[in-house]
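Visitor: return atomic coordinates for the entry below.
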Amino acid sequence: MQNKGFIKVFAIILTAICLFYLSFTIVGQQYNKKADAYANGDLELKNQYLDSLSTEKVYLGYTLKQIRTKEIGLGLDLKGGMNVIVEMDVAQVLRALANTDDPQFNQALQETIAQNRRGSSSDFISLFRQNYERINPDGRLANIFSITMSDRVSPTATNDQVITVLRQEVKSAADNSFNVLRTRIDRFGVVAPNIQRLDQAERILIEMPGITEPDRVRNLLQGSANLEFWKTYNVNELGTYFNEINTRSAEYAQAVRGAAATSTTATTDSLLAVDSVALPFADIEGDKIEINKSFVEYFAQPYFAMSGASGPIVGTAAKNDTAEVNYLLQRYKDIFPADVRFKWGFKPIDQRETYFELYALKGDGTRRGPALEGDVVTNAKADQGQQGSAWEVSMSMNSAGASRWATITGAEKGKSIAIVLDGYVYSAPTVNDRIEGGRSSISGRFTAEEAGDLENVLKSGKMRAGVRIVQEDVVGPSLGQEAINAGFISFIIALIVLFIFTCLLYGIIPGMVINGALLLNFFFTLGVMAAFQAVLTLPGIAGMILSLAMAVDANVLINERIKEELANGKSLRKALEDGYKNAFSAILDSNLTTIITGIILAIFGTGAIKGFAITLIIGITVSFLTAVFLTRMVYEFQFEKGRWQKLTFNTGFSRAIYNVYNFDFIHNSKKINTAIAIFVIVSIISLFTLKLNSGIDFTGGRNYIVRFDQPVKTGDIEEALQPVLGGSAQVITIGSSNQVRISTNYMIDSESATVEDELIALLGQGLQDYIAPGGNINDHIQSSQKVGPSVAEDMLRNASLALAIALLCMGIYILSRFRNWAFSVGTVVALAIDAFAVIGFYSLLWRVMPFTMEIDQTFVAAILTVVGYSINDKVVLFDRFREVRQLYPKRELRATFNDSMNAVLARTINTGMSTVLVIFCILFLGGDAVRSFVFAMLIGVVVGTVTSLFVASPVAYIIMKRQEERKKLEAKK
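Guide: Okay, here's the model as predicted:
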């Protein structure tokens, strides 16, 4: 084997990389176990334990916080958490930019809002333009937008030019929203969150594993956010007031301690909502706070108590003491001047991320608010000073902002101006001089990261457009643990079944070589996922298992070719060499076609489906390395040592079930194709009568998985819910007889902030007879999912596009590899039948199968996976045809096709059986989350095998036959 040294070095390096990155998961799990033992089931204590160690270096110089971010991430379906797609209110941006009451503009905007919410393939700006020009054919957008955007839109600008500017403004607003949301999520403390822009500029995907407070997240994401510039106090100006609060708080703490000493529970009242004190780190509304120290004692560095102290920083307090400080400031707010506001710094000041600074801000004007709003900022940029000095951030403002900024900086010379976003101080630079022209430079001891963060904050400006949640998935952690258990069990059993099957087919030694390759494949897949910080989902586990089954295919191809070479009288070493060489092109082609499908899934899928695609791509890639190169190196090493000299790659089992085949597939294809045609007709009729069970991914709506204490009947649950949900309720059993999924599109178009609470209250009302006395519906809801109608439209469009692109890519690849469009046509026709067969069976069976068979994103992923898997058979068959054709160019075409199909039939049966065995393991043991997906795969494997033999090849044969006849006629002329 050529390049053996390179393969060895590469395998060693890859092993080292995988071990390195997987070690973080092992270390992280060890600390999780320690936290569990310490907390004894108390989640708050567990989080406190992990937080206390988060900045400690515990492994190879990495802190525990860094280690936790490098662990293999678990998706929402495994860990529990929240997946949200938020959409920016573009209409709000356009209204702010237009500043007009033009009735035609308002009519076009209202129609666009309605169209966008129903779902459309066009973006908001395109829809708005179409509607405006339809309503007012001679209307000029410049008349509407040139007034407020005179610096960018001239009165004579064309509609095209105005639309270009509007797109830039929408993108800028989307960037602002993205920055604001990212800082909010970072502050929320989610481990390894995922936030990314989607294809439409106004939509953002946010995934937050481990979240258990969805209401808090909804409020966090949808709340308004303004960038503000505040004047500040010098702490020495407030010294008298701090002395007073310290005296009064000390008396209060003494009273509390005295009450505690007399065994009287002494706790303060719940902290009321306040707007003068930011409440970071914990939502303490409804909690009890115990004050046992004076105000000054809560500060590690109380600058207000130090002589000669200046600047706006009151002091630094530990993270765990901020709630008590907030309480005291609110309780004794009457002590301070009416314009004082206290805000915490956004970032900790120490490496352990324990201490935060408290700032004293000064309200401006009659409202006693910020001196300047952030919407005046037009640009910001972080850069190093001259000659590589410290980082600084430059900022520019519009004309109105520049004028006001000059006034403020002139009056506040020598003092600090606080830059505040979402109620947190990001920076408080000192004003050195009056700043004219609106261009400022903010300097300080910034790192590159800190300067970049401040740049993003300034660019966020005033959040001109609010956001609304258009899709939401909430998965309870208990459901996630069940999914982990089901996936793990199905994986282990599938692996054992594969190991036994390979040994039965080829003998103990060849079987264990294949099994070793499968284990290496699993190890490398996990290692590469850890290195790229990919997220493991339940469909991802299914993808890993399927990639292992497809890895068996490569080994089966090789071993079947070795058996053929041995049957032709070659020595064992020569048969091994030729077997690997002859199987290489078929393995390469089949793997590449599956990777193409995975790439399409990764592009068009979201969440769990993207996780499946990434896992499949990684698994297929490393299986090529293990099957084609590493197994061969094992054999060659043993041969050099004089071992394994009598291998036959045959067993009594394989000899008993396989013979030399001599079927006439071309002749028999007519009968099979007649049966396929009948099935297609029946399926089309079914699609019009029984239809499909469309999930909310494609229709819009909400799903709730509800678990009861006792078994229930879906008909009874549905009957109980129909009156309260306006007749919009579908109920099916999920997993066990006491767990159901309730689907409804009731109030899906409502934009009310309380609609979720109202729906849950309605569920509780309808199901009150099934809830134990003293309980409520929230105790029974395991997970929830919301998909808005506009998102559903996008999903349907993307799904159709993904399927069309997959078929096109397969056809192009086959054409490029085999240089004859007959193979492409045969492949695409067969793949189209494979895909349609899955749809047809789902239409025929969804009412009778014991598990849900919905048409959703997972179903589309299943079809694309079927397409990627099924093409393997076609590629292997055509590859063998090409080989036989080159050896016997004068052999009759029909005989060549039949010989090729008979030659690969054993491989087709072996691969199909190994995949079916794996599928059955997942189908019965893998849990409800993947059952529908795996059933589609089962249909695809069976139908794909049939179409490879009786559709793809006969179609290619007919076309090539006609090509030959045409060439003969042309030759006679």
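
Visitor: the residue nearest to Glu436 when sequence neighbours are not counted: how many residues sit nearby?
Guide: Take Glu436 and drop its neighbours on the chain: the residue closest to it by C-beta to C-beta, 6 or more residues apart in numbering is Ala406, 5.2 Å away. Quick note: C-beta positions are derived from backbone N, CA and C, even for glycine. Burial measure for Ala406: 16 neighbouring residues, criterion other C-beta atoms under 10 Å.

Visitor: for Asp138, same thing?
Guide: Number of residues near Asp138 (other C-beta under 10 Å) recorded here: 5.

Visitor: helix, strand, or coil at it?
Guide: Here Asp138 is recorded as coil under DSSP: H, G, I helix; E, B strand; the rest coil.

Visitor: ok, back up a step: hang on, the residue nearest to Glu436 in a helix?
Guide: Yes - judged by three-state DSSP, Ala406 forms part of a helix.

Visitor: buried residues, stretch 726-735. List them.
Guide: The neighbour-count check on stretch 726-735 (16 or more other C-beta atoms under 10 Å) flags Ala729, Gln730, Val731, Ile732, Thr733, Ile734, Gly735 as buried.

Visitor: which residues does the first one contact?
Guide: This means Ala729. Contact analysis of Ala729 by C-beta atoms under 8 Å, 6 or more residues apart in numbering lists Glu718, Leu721, Gln722, Ile742, Ser743, Thr744, Tyr746.

Visitor: for the stretch 651-800 of the chain, just list every one of the helices.
Guide: Residue ranges of the helices in the stretch 651-800 of the chain, as given by DSSP state H, counting those that start in this stretch, are 652-657, 665-689, 696-699, 714-721, 755-766, 789-818.

Visitor: Phe637 sits in which helix or strand?
Guide: helix 631-640 (DSSP states H and E).

Visitor: residues contacting Ile833?
Guide: With contact taken as C-beta under 8 Å, 6+ apart, Ile833 is in contact with Ile676, Val680, Val943, Thr947, Val951.

Visitor: out of those residues, which is most surrounded?
Guide: In terms of neighbour count, Thr947 stands highest of these at 29 neighbours, by other C-beta under 10 Å.

Visitor: quick check, it in a strand?
Guide: No - read with three-state DSSP, Thr947 is helix and lies in no strand.

Visitor: could you find the closest non-adjacent residue to it?
Guide: Ala830 (3.9 Å).

Visitor: give me the mean pLDDT for stretch 671-681.
Guide: Regarding stretch 671-681, the rounded mean pLDDT is 94.

Visitor: check stretch 6-25 too.
Guide: On average, stretch 6-25 scores 92.

Visitor: before we move on, the earlier item: any idea how far the residue nearest to Glu436 lies from Gly652?
Guide: Separation of Ala406 from Gly652 (C-beta to C-beta, to the nearest Å): 94 Å.

Visitor: equivalent analysis for Glu324, please.
Guide: 78 Å.

Visitor: give me the more crowded residue out of the two.
Guide: Neighbour count, other C-beta under 10 Å: between Glu324 and Gly652, Glu324 has more, with 23 against 9.

Visitor: by contact count, what packs against the stretch of helix or strand the more buried one belongs to?
Guide: Assigned by DSSP H and E, Glu324 belongs to helix 322-331. Contacts defined by 3 or more C-beta pairs under 8 Å, 6 or more residues apart in numbering; DSSP states H and E place helix 322-331 against helix 239-261.

Visitor: the inter-axis angle of the helix it packs on versus helix 322-331?
Guide: 110 degrees (axes from the mean of the first three to the mean of the last three C-alpha atoms, to 10 degrees).

Visitor: quick check: buried residues in helix 239-261?
Guide: For helix 239-261, by 16+ other C-beta under 10 Å, it's Tyr241, Phe242, Ile245, Asn246, Arg248, Ser249, Tyr252, Ala253, Val256.

Visitor: quick one: secondary structure of Asn379?
Guide: Applying three-state DSSP: Asn379 is strand.

Visitor: do Ile618 as well
Guide: Ile618 ends up helix, using three-state DSSP.

Visitor: likewise for Arg434?
Guide: When classified by three-state DSSP, Arg434 comes out as coil.

Visitor: which stretches of the stretch 1-150 of the chain form helices?
Guide: Taking DSSP H, counting those that start in this stretch to define them, one finds helices in the stretch 1-150 of the chain at 4-39, 43-53, 64-70, 76-79, 90-98, 103-118, 124-135, 142-145.

Visitor: can I get the fifth one in PDB, CA atoms only?
Guide: Think helix 90-98. Provided in PDB are the C-alpha atoms of helix 90-98 (Å, rounded to 0.1, in the frame of the first residue of the first chain):
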ATOM      1  CA  VAL A  90     -38.900  45.300  10.300                       C
ATOM      2  CA  ALA A  91     -42.100  47.300  10.100                       C
ATOM      3  CA  GLN A  92     -41.000  49.200  13.200                       C
ATOM      4  CA  VAL A  93     -37.700  50.100  11.500                       C
ATOM      5  CA  LEU A  94     -39.500  51.400   8.400                       C
ATOM      6  CA  ARG A  95     -41.900  53.400  10.400                       C
ATOM      7  CA  ALA A  96     -39.000  55.000  12.300                       C
ATOM      8  CA  LEU A  97     -37.200  55.800   9.100                       C
ATOM      9  CA  ALA A  98     -40.300  57.100   7.200                       C
END
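
Visitor: could you give the angle of it to helix 124-135?
Guide: Between the axes of helix 90-98 and helix 124-135, defined by the same axes, to 10 degrees, the angle is 70 degrees.

Visitor: so what does helix 90-98 touch, helix or strand wise?
Guide: If contacts are counted by 3+ C-beta pairs under 8 Å, 6+ apart, helix 90-98 sits against helix 103-118, helix 124-135, helix 142-145, helix 159-188.

Visitor: got the angle between that helix and helix 159-188?
Guide: Computed by the same axes, to 10 degrees, the angle between helix 90-98 and helix 159-188 is 120 degrees.

Visitor: contact partners of helix 90-98?
Guide: Everything outside helix 90-98 that qualifies as a contact, by C-beta under 8 Å, 6+ apart, is 105, 109, 112-113, 116, 124-125, 128, 144-145, 148-149, 166, 169-170, 173, 202, 464-466.
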